[in-house]
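A.B. asks: Predicted model, plus sequence, below.
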Amino acid sequence: MRNNQKIPEFSGGCFWDQDYTKLNFDTGRRYIITRVISRGSSQDQKELFRFYGADTIKEEVVKIRYLNAKILNYISKLFDIPPENFRCYGNEGIF
């Protein structure tokens, strides 16, 4: 996390099952990115890009183990990365 950067504010649907105040936004960034991309609103995704930036998100999304086919297709097109370059390719539909 960058110095003096405001912690992102995501809607309740992203992290409904845990204490949001205990998330580590540095070491847990892949987990946080996965949850927001999979469960967040368009506003949540804007907040995600504000906080982490496109380069960090792009670096992390290719390492995610499971995304459903719709989200994988969306992220693939968003970052212009072929779906087969994602770790989750072939494992869609589990998250």
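C.D. replies: Sure, I can see it.
A.B. asks: Once you drop chain neighbours, what's closest to the residue most central in space within the chain?
C.D. replies: Geometric centre of the chain, nearest residue: I33, 2.1 Å, by Cα atoms, centre = their mean. Nearest in space to I33, with sequence neighbours left out and distances taken as Cβ to Cβ, 6 or more residues apart in numbering, is E60 at 4.9 Å. For glycine as for every other residue, the C-beta is placed from the backbone atoms N, C-alpha and C.
A.B. asks: before we move on, what about E47?
C.D. replies: P8 (4.8 Å).
A.B. asks: My guess is that neighbour contacts K46. True?
C.D. replies: No. With contact defined as Cβ atoms under 8 Å, P8 does not reach K46; the gap is 9.9 Å.
A.B. asks: Rounded mean pLDDT for the host helix or strand of N73, please.
C.D. replies: Secondary-structure element containing N73, defined by DSSP states H and E: helix 69-79. Confidence for helix 69-79, expressed as mean pLDDT, is 94.
A.B. asks: Can you tell me what sits against that helix?
C.D. replies: Helix 69-79 is contacted from outside by 37-38, 54, 57-58, 61, 67, 81-83, 86, 88-89, 92-93, using Cβ atoms under 8 Å, 6 or more residues apart in numbering.
A.B. asks: And stretch 12-21, by the same measure?
C.D. replies: Applying Cβ under 8 Å, 6+ apart, the set of residues contacting stretch 12-21 from outside is F10, L23, R35, V36, R39, G40, S41, D44.
A.B. asks: Any stretches of this protein with poor pLDDT?
C.D. replies: 1-4, 92-95 (pLDDT under 70).
A.B. asks: before we move on, back to that, wait, what's in contact with the residue nearest to E47?
C.D. replies: Per Cβ under 8 Å, 6+ apart, neighbours of P8: F25, E47, L48, R50, F51.
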